[in-house]
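Visitor: with the input below, show me the fold.
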Amino acid sequence: MKNIIYKTLIVALVISFSSCVDLEEKPVGLLAPESLFQSPRDVEIAIFGAYGWIASERLYGRQFISALMLRGDMVDIGDRGTPAERQQVNDFNMDANNGMIRRFWPYWYQVISAANAAISGAGSLELPAEEINPLIAEARFVRAFSYYHMVRVFGDIPYIDYFINDPQAVADISKTSENEVYEGIIEDMKFAKEWLPDSYSGSIKSRPTKGTAASYLASIYLTREDFQSAYTEAKWVIDNKVKFGYDLEPDYQELYRAENGDNAEHIFTIDFLGSQSGSGGANDDLMPPMTGVRGADHQGWSVLVPSMQVFNEWDDRDYRKWVSFDDSIAVDEVLVPYTEYDNTQRPHIAKYSRFTGNSSGDGRRSDHNYSAFRYAEILLIAAEASAEVNGVNDEAIGYVNQIRDRARNWGDETIATFPEDVPSGLSKDQFIDLVLDDRRIELAFEYKRWYDVKRRNLGDEVFKGANAREPHENFDPARDYLMPIPATELDINPNLAPQNPGY
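Guide: Presented below is the predicted three-dimensional model:
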C-alpha cells in the first residue's frame with residue numbers, strides 16, 4: 001500500500017527545492033549545512049527531495065526513460081508527428097542541441113545536489129555513526145544510482161561529491177574520467193551496503209536496503225566485466241532473499257498493476273502517487289500515455305511503440321508477451337485489433353497503460369511503483385556472471401530456469417509447458433547469448449535493454465542486417481554508445497570539452 005504521508009513529503013520538498021537549484025539565482029549551496037540541518041529528520045527530508053527529483057517528468061516520468069527505451073532495439077517511434085527530438089534519439093541522428101538530453105542532464109545533477117546536501121548536513125550533526133550513518137548511506141546510494149545512469153549515457157562527466165557552498169567553485173569544473181566515476185559509485189554502494197537497514201516498515205521498496213545496494217553492486221560489476229564480483233554480490237542477495245523479503249512474483253501480470261504498489265519481487269522502485277503533481281514536473285508520470293494507443297477509450301499517444309519485428313518474433317506461447325503487449329484495445333467500447341488502430345497500426349506496450357490505478361483519463365499521473373530493479377534481474381545477473389567465471393554450470397542454468405518456470409504460470413491456474421527449461425549441452429557463448437535474450441524478454445520495456453546492448457557491444461548486430469528488430473544502418477559504435485553533452489552545458493562551461501566523439 002502507498003505511504004501517502006511519505007509521498008506527500010516528497011512532492012512538497014520538490015516544490016521547495018525547485019526554487020533553489022538555479023545557480024544563477026539562489027543555489028542550495030549558498031546556505032551553510034548547519035543552517036539547513038538541525039536533526040536527522042532534516043537529513044531524511046533532503047533525501048526525500050532527491051527521490052522527488054527522480055519521480056519527475058524529466059527523469060522516470062518521461063524524458064530520461066523514454067530516451068533509454070528509444071535507444072534500444074525493443075522500442076521504436078510510433079506517431080511520427082511526435083517532436084523531432086524523440087525521433088533523433090531513436091534514429092541515431094541526434095546532436096548536442098537535443099531537447100531530451102538538455103532536460104534530463106540538469107535534473108540528474110539536482111538529484112546529486114540534494115544527496116550531497118544530505119550527506120554534508122548529516123556530517124554537520126556530529127551524531128554517533130550508528131544513528132546517522134544509515135541516512136548517509138541512503139543519500140550515498142541515491143548519488144551512486146544517479147551517477148550510474150549518467151556515466152553509462154555520457155561517459156566522462158563532472159563528478160561532484162561534496163556540498164556546494166560557493167557556485168563559483170564549480171562554474172569551471174571539468175569532466176572526470178569514466179573509470180574514476182565508477183570508483184566513486186562503487187565506494188558509495190559499498191558504504192550503502194554496510195550501513196543501510198535490511199528493510200523498512202511496511203516493506204516499502206522505494207527506499208534502498210542492504211539488498212538494494214548489493215543488487216546494484218552486482219549490476220555495476222557486470223557492466224564493468226568484473227564477473228567474479230558481480231557473481232559474489234548477486235549470490236549474496238540470493239542467499240539472503242528471505243531476510244530481504246525477495247522472491248519472484250508468481251503471476252507476471254501482477255508486477256504491472258499500479259494498485260498493487262510494491263511486492264516481493266521489487267528490489268528498488270520509483271514511486272508515483274496517483275493523480276498528484278507538483279511544480280517542475282514533480283510526480284508527473286507520462287509513461288502510460290506515451291506507450292498507450294491513440295484513439296482508444298483509455299486514450300494514449302502512440303509515441304513509444306515496438307516494431308512489428310519485436311512483436312512477431314516473440315513466441316505466442318509466452319505469457320509475458322500478452323502481459324507486455326496490447327494487440328487489441330477498446331475503441332468506443334468495441335474491441336478492435338491493432339490493424340485498425342487510428343495512428344500506429346502495431347501492437348503497443350501494455351505494461352504501463354493497462355492498469356494505471358488512480359490516474360487521469362489517459363493514464364497520466366499514475367499510481368505505478370516503477371521497478372528500477374527486481375529480483376528476476378538478480379537471478380539473470382548471477383547466471384551470466386557465474387557462466388563467465390565458471391562456464392555453463394547447473395547453478396547458472398537453475399537461475400534462468402526459475403524465471404522460465406514463473407513464466408509458465410498464466411495467472412489463471414493454467415500452467416503451460418513454454419518456455420521450456422534451458423537445453424543441455426550449450427557452450428559458454430551460447431549460454432551467454434541465451435541469458436541476454438532472456439533478459440530482453442523478461443525485462444522488456446523496463447529501460448534495461450539499451451544498457452545491455454552497450455555493455456555487450458551489440459549495436460552492429462541488433463541494428464544492422466536482415467534480422468534487425470529495428471533497422472538503423474547509420475548506427476556508429478564509435479559515436480552512438482554515448483549521447484552528446486548538451487551544447488548549453490558546453491556553452492556555459494567550455495572546460496567540459498571535448499564533446500563526445502562524433503557530435
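Visitor: can I get stretch 260-271 in PDB, CA atoms only?
Guide: Once non-C-alpha atoms are left out, stretch 260-271 reads as follows in PDB (Å, rounded to 0.1, in the frame of the first residue of the first chain):
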ATOM      1  CA  ASN A 260      -0.500  -3.400  -6.100                       C
ATOM      2  CA  GLY A 261       2.300  -1.000  -5.100                       C
ATOM      3  CA  ASP A 262       5.400  -2.700  -4.000                       C
ATOM      4  CA  ASN A 263       5.700  -6.500  -4.000                       C
ATOM      5  CA  ALA A 264       8.300  -9.200  -3.100                       C
ATOM      6  CA  GLU A 265      10.000  -9.100  -6.500                       C
ATOM      7  CA  HIS A 266      10.800  -5.400  -6.200                       C
ATOM      8  CA  ILE A 267      14.300  -4.500  -5.000                       C
ATOM      9  CA  PHE A 268      14.100  -0.800  -5.800                       C
ATOM     10  CA  THR A 269      11.100   1.200  -7.100                       C
ATOM     11  CA  ILE A 270      10.300   4.700  -8.200                       C
ATOM     12  CA  ASP A 271       7.100   5.600  -6.500                       C
END
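Visitor: the helices in the stretch 401-503 of the chain, which residues?
Guide: 428-442, 449-455, 459-463, 477-480, 487-492 (DSSP state H, counting those that start in this stretch).
Visitor: between those helices, which gets nearest to Ser302?
Guide: helix 449-455 (20.1 Å; CB to CB). (Each C-beta comes from the backbone N, C-alpha and C, glycine too.)
Visitor: so Ser177 makes contact with Asp156?
Guide: Yes. The criterion here is CB atoms under 8 Å, and Ser177 meets it with Asp156 at 5.5 Å.
Visitor: show me the strands in the chain, by range?
Guide: 76-77, 266-271, 304-305, 325-326, 328-331, 334-337, 348-349, 369-374 (DSSP state E).
Visitor: most centrally placed residue in this protein?
Guide: Ala372 (4.6 Å; CA atoms, centre = their mean).
Visitor: so what's it up against?
Guide: Contacts for Ala372 (CB atoms under 8 Å, 6 or more residues apart in numbering) come out as Tyr60, Phe145, Ile267, Phe268, Thr269, Ile270.
Visitor: and the furthest pair within those residues?
Guide: Tyr60 and Ile267 (15.4 Å).
Visitor: looking at the two, which one has more neighbours?
Guide: Set Tyr60 next to Ile267 and count neighbours by other CB atoms under 10 Å: Ile267 wins out with 28 against 22.
Visitor: and the gap between that one and Ala214?
Guide: Between Ile267 and Ala214 the distance is 9 Å, computed by CB to CB, to the nearest Å.
Visitor: give the contact list for Ala382.
Guide: So Ala382 contacts Ala218, Tyr231, Ala234, Lys235, Ile238, Glu395, Ala396, Tyr399 (CB under 8 Å, 6+ apart).
Visitor: then Asp42?
Guide: Taking CB under 8 Å, 6+ apart, one finds Leu36, Gly121 in contact with Asp42.
Visitor: how near is it to Phe145?
Guide: Distance from Asp42 to Phe145, by CB to CB: 21 Å.
Visitor: ditto for Asp91
Guide: 29 Å.
Visitor: ok, the two, which is more surrounded?
Guide: Phe145 (27 against 16).
Visitor: so that one touches Ser215, yeah?
Guide: No. At 11.1 Å, Phe145 does not count as touching Ser215 under the criterion of CB under 8 Å.
Visitor: quick check: buried residues in stretch 304-316?
Guide: Leu304, Val305, Pro306, Ser307, Gln309, Val310, Phe311, Trp314 (16 or more other CB atoms under 10 Å).
Visitor: export these to TSV and tack on pLDDT and distance to Pro289?
Guide: Shown next, in TSV, are those (pLDDT from 0 to 100; distance: CB to CB, whole Å):
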residue	pLDDT	distance to Pro289
Leu304	98	10
Val305	98	12
Pro306	98	16
Ser307	97	20
Gln309	97	24
Val310	98	20
Phe311	98	20
Trp314	98	24
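Visitor: farthest pair within the residues you listed?
Guide: Leu304 and Trp314, at 16.7 Å, using CB to CB across the buried residues of stretch 304-316.
Visitor: on that earlier part again, which residues are in contact with each of Phe145 and Ser215?
Guide: Going by CB under 8 Å, 6+ apart, residues that sit against Phe145 and also against Ser215 are Phe268.
Visitor: now do Ile5, the pLDDT please.
Guide: Among the per-residue scores, Ile5 shows a pLDDT of 32.
Visitor: quickly note the distance from Glu413 to Pro250.
Guide: 11 Å.
Visitor: who has more neighbours out of the two?
Guide: Higher neighbour count among Glu413 and Pro250: Pro250, with 11 against 6, using other CB under 10 Å.
Visitor: distance of the residue nearest to that one when sequence neighbours are not counted from Val151?
Guide: Leaving aside its chain neighbours, Pro250 sits nearest to Asn409 (5.9 Å; criterion: CB to CB, 6 or more residues apart in numbering). Using CB to CB, Asn409 is found at 37 Å from Val151.
Visitor: between the two, which one's more packed in?
Guide: For Asn409 versus Val151, neighbours defined as other CB under 10 Å are more numerous around Val151 (24 against 18).
Visitor: low pLDDT regions in the stretch 301-450 of the chain?
Guide: Scanning the stretch 301-450 of the chain for pLDDT under 70 picks out nothing.
Visitor: same check, this time on the stretch 1-150 of the chain
Guide: In the stretch 1-150 of the chain (pLDDT under 70), the answer is 1-34.
Visitor: deepest-packed of the helices of the stretch 401-503 of the chain, please.
Guide: helix 449-455 (a mean of 20; mean count of other CB atoms under 10 Å).
Visitor: ok now that helix, how far from the chain's centre?
Guide: Once both centres are worked out by CA atoms, centre = their mean, to the nearest Å, helix 449-455 turns out to sit 12 Å from its chain's centre.
Visitor: contacts for it?
Guide: Residues contacting helix 449-455 (CB under 8 Å, 6+ apart): 68-69, 71-74, 152, 222-223, 225, 436, 439-440, 443, 458-459, 462, 481.
Visitor: just the buried residues out of the residues you listed, in ChimeraX syntax.
Guide: In ChimeraX, this line selects whichever of the contacts of helix 449-455 come out buried by 16+ other CB under 10 Å:
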select :68,69,71,72,73,74,152,222,223,436,439,440,443,458,459,462,481
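Visitor: what about Asp476, neighbour count?
Guide: Neighbours of Asp476 (other CB under 10 Å): 14.
Visitor: from Asn500, how far off is it?
Guide: Distance from Asp476 to Asn500, by CB to CB: 12 Å.
Visitor: next one: Tyr341
Guide: 37 Å.
Visitor: when those two are compared, which one has more neighbours?
Guide: Legend: neighbour count by other CB under 10 Å for Tyr341 and Asn500, higher for Tyr341 (25 against 15).
Visitor: the more buried one is in contact with Gly300, isn't it?
Guide: No. Judged on CB under 8 Å, Tyr341 makes no contact with Gly300 at a distance of 9.9 Å.
Visitor: ok now stretch 301-311, how far from the chain's centre?
Guide: Using CA atoms, centre = their mean, the offset of stretch 301-311 from its chain centre is 19 Å.
Visitor: and Thr176, what does it touch?
Guide: Asp156, Ile157, Pro158, Tyr159.
Visitor: can you tell me the closest non-neighbouring residue to the third one?
Guide: When you say that, I think you mean Pro158. Nearest one to Pro158, counting by CB to CB, 6+ apart, is Ile173 at 4.9 Å.
Visitor: thank you kindly, that will do.
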